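Q: dropping the sequence and predicted coords here.
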Amino acid sequence: MRILELRLPHATCRVVIGPLTPIRGPALIVCDRKVSRVARRLARGAPVLSIPSGESRKSVSLLAALWNEFARRGVDRRTTIAAVGGGVVGDLVGFAAATYLRGVPLVQVPTTLLAQVDAAIGGKTAINLAAGKNLAGAFYQPREVRIDPAALRTLPARHYRTGLAEVVKYGVIRDAELFELLERKADRVLARDPKTMQEIIHRCVRIKLEVVRRDERESGLRMILNYGHTVGHALERASNFRLSHGEAVAIGMHAEARIARGLGLCGTKFVERQARLLERFGLPTRVPRLGGILRAMAHDKKRLGRAIRFVLPRGVGRMAFPVAVARRRIDAVLS
Ligand SMILES: NC(=O)c1ccc[n+]([C@@H]2O[C@H](COP(=O)([O-])OP(=O)(O)OC[C@H]3O[C@@H](n4cnc5c(N)ncnc54)[C@H](O)[C@@H]3O)[C@@H](O)[C@H]2O)c1
Ligand SMILES: [Zn+2]
């Protein structure tokens, strides 16, 4: 078992990585229907409310249904709300807990790799509106995040790969040893070996916590977490979400690495090494033929006149940011 802690002026969050133990005290467990077995292991008699899965559940109507359910069940400030599932449940239930009675104790129990290394860490919660994703939400730190790598066993392969794209990202932005570990133990990573994954998740979470501790509200450093995402988000949108988040981010990291090489920030060896690892994990690196990628990128809030701001690699574990890149350079790697 590994334990990490995030201490902020207004809150402390403990992250426990290892086998799950039951939640103590009065609690209400809200879980993704697909992981009700995990939820029951946590419950020890506490009620479990299961909700259907899917991005469409991050909605105003399900949020309101949760608030009403909290009221009906007499949830008060001593009741712990546990969110068991991927980023969808974490974001939705996290926002419900952040706002019900102006905040009730929250424990995140992420069950996808993406949520274990990213969504459940850092205190961002949100729902989607018709006008766009994650438009209504709050910064709200959970008391605890409980990560059980064994819960990944049942995760569909495509979702597992999405998490691996983020894991590779952490290696590139901050941790050369993590990157080497991934190269060395790729087989065990692909086999989802819990011991190997515990070590890897621990390293990723440590990085995310360090970044959040230094920049909780995203004014500077937190931007490095966006590596691969400027191109990635545009690809997701331009593909009409046929590309998964992880696939888009993997292609995005390769494209952004090539932009960095074009600017003389890194060399071909780095670009190829990163591509090899992504491909080893079954992730794509080639930009598919899609219209409107640049247009989708100009949507991005990091737009800066005719140039777009990027976080770019100098090598494994070393980043340059923000770097304003002219559109013709971006165009060149996208076509
Ligand atoms: N708050 C943040 O900082 C943050 C960061 C990144 C992403 N997000 C959000 O996270 C969401 C995506 O999260 P996600 O990729 O975890 O998606 P998800 O929650 O939809 O989970 C993916 C799929 O896996 C299923 N599932 C979950 N755990 C399982 C398990 N152990 N076994 C079998 N099936 C399982 C779910 O039912 C779902 O079908 C998006 O809404 C995104 O906006 C939030
Ligand atoms: Zn991401």
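A: Done, it's in. Ligands and ions are numbered 1, 2, ... in the order given.
Q: point out where this structure drops to low pLDDT.
A: Across the chain, the stretches falling below the confidence threshold (pLDDT under 70) are 216-219, 298-305.
Q: can you point me to the longest helix in it?
A: Ranked by residue count under DSSP state H, the longest helix found in the chain is helix 194-214.
Q: hmm, who's touching the very next helix or strand once past it?
A: Stepping forward along the backbone from helix 194-214, the first helix or strand reached (DSSP states H and E) is helix 229-238. Residues from elsewhere that reach helix 229-238 (CB atoms under 8 Å, 6 or more residues apart in numbering): 243, 245, 248-253, 255-256, 287-288, 290-297, 299-300, 302, 308-311, 330, 334. The C-beta positions use only the backbone N, C-alpha and C, and glycine is treated the same way.
Q: am I right that I200 is in contact with L181?
A: Yes. If you go by CB atoms under 8 Å, I200 and L181 touch, sitting 6.7 Å apart.
Q: more neighbours, the two?
A: In terms of neighbours (other CB atoms under 10 Å), I200 is the more surrounded of I200 and L181; the figures are 26 against 18.
Q: and the more buried one, how far is that from L129?
A: If you measure I200 against L129 using CB to CB, to the nearest Å, the figure is 35 Å.
Q: likewise for L135?
A: L135 sits 4 Å away from L129, going by CB to CB.
Q: now the contacts of helix 229-238: which count as buried?
A: With neighbours counted by 16 or more other CB atoms under 10 Å, the contacts of helix 229-238 contain buried members at 243, 245, 248-253, 255-256, 287, 290, 293-294, 296-297, 300, 302, 308-311, 330, 334.
Q: who touches G252 in this structure?
A: Shown in contact with G252 (CB under 8 Å, 6+ apart): G228, H229, T230, V231, G232, H233, A234, L235.
Q: any idea which element it lies in?
A: Counting by DSSP H and E, the element that carries G252 is helix 245-262.
Q: which ones are touching G291?
A: Residues A238 are the ones in contact with G291 under the rule CB under 8 Å, 6+ apart.
Q: oh, I was asking about R37
A: Taking CB under 8 Å, 6+ apart as the definition of contact, R37 has no neighbours.
Q: can you tell me the helix or strand for it?
A: Counting by DSSP H and E, the secondary-structure element that holds R37 is helix 36-43.
Q: is that helix up against ligand 1 anywhere?
A: No. Helix 36-43 is not in contact with ligand 1 by CB under 6 Å from any ligand atom; minimum separation 6.6 Å.
Q: heading C-terminal from that helix, find the next helix or strand.
A: Sequence-wise, the next helix or strand beyond helix 36-43 is strand 48-51, with elements assigned using DSSP H and E.
Q: sheet-wise, list the partners of that following strand with their directions.
A: For strand 48-51, the paired strands and their directions (DSSP bridges) are strand 27-32 (parallel).
Q: and the strand it pairs with with helix 36-43, angle?
A: For strand 27-32 against helix 36-43, the angle by axes from the mean of the first three to the mean of the last three CA atoms, to 10 degrees is 170 degrees.
Q: what's the burial count for R306?
A: 10.
Q: excluding chain neighbours, what is closest to it?
A: For R306, ignoring the flanking residues on the chain, the nearest one in space by CB to CB, 6 or more residues apart in numbering is R327 at 5.9 Å.
Q: I figured that neighbour hits I293, correct?
A: No. Applying CB under 8 Å, one finds R327 not in contact with I293, separated by 11.4 Å.
Q: quick one, strands of this structure?
A: Listed in chain order, the strands found in the chain under DSSP state E are 2-8, 11-17, 27-32, 48-51, 80-85, 106-110, 124-129, 132-139, 144-147, 303-304, 307-315, 318-326.
Q: now flag whichever of the contacts of G252 is closest to ligand 1.
A: Distance to ligand 1 across these (CB to the nearest ligand atom) is lowest for H229, with 9.8 Å.
Q: number of residues surrounding the closest one?
A: Applying the criterion other CB under 10 Å, we find 24 residues in the vicinity of H229.
Q: before we move on, the earlier item: possible to save the strands of the chain as CSV with distance to ligand 1?
A: What follows is those, written out as CSV (distance: least, CB to the nearest ligand atom, whole Å):
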stretch, distance to ligand 1
strand 2-8, 13
strand 11-17, 13
strand 27-32, 5
strand 48-51, 10
strand 80-85, 5
strand 106-110, 7
strand 124-129, 4
strand 132-139, 6
strand 144-147, 11
strand 303-304, 20
strand 307-315, 16
strand 318-326, 19
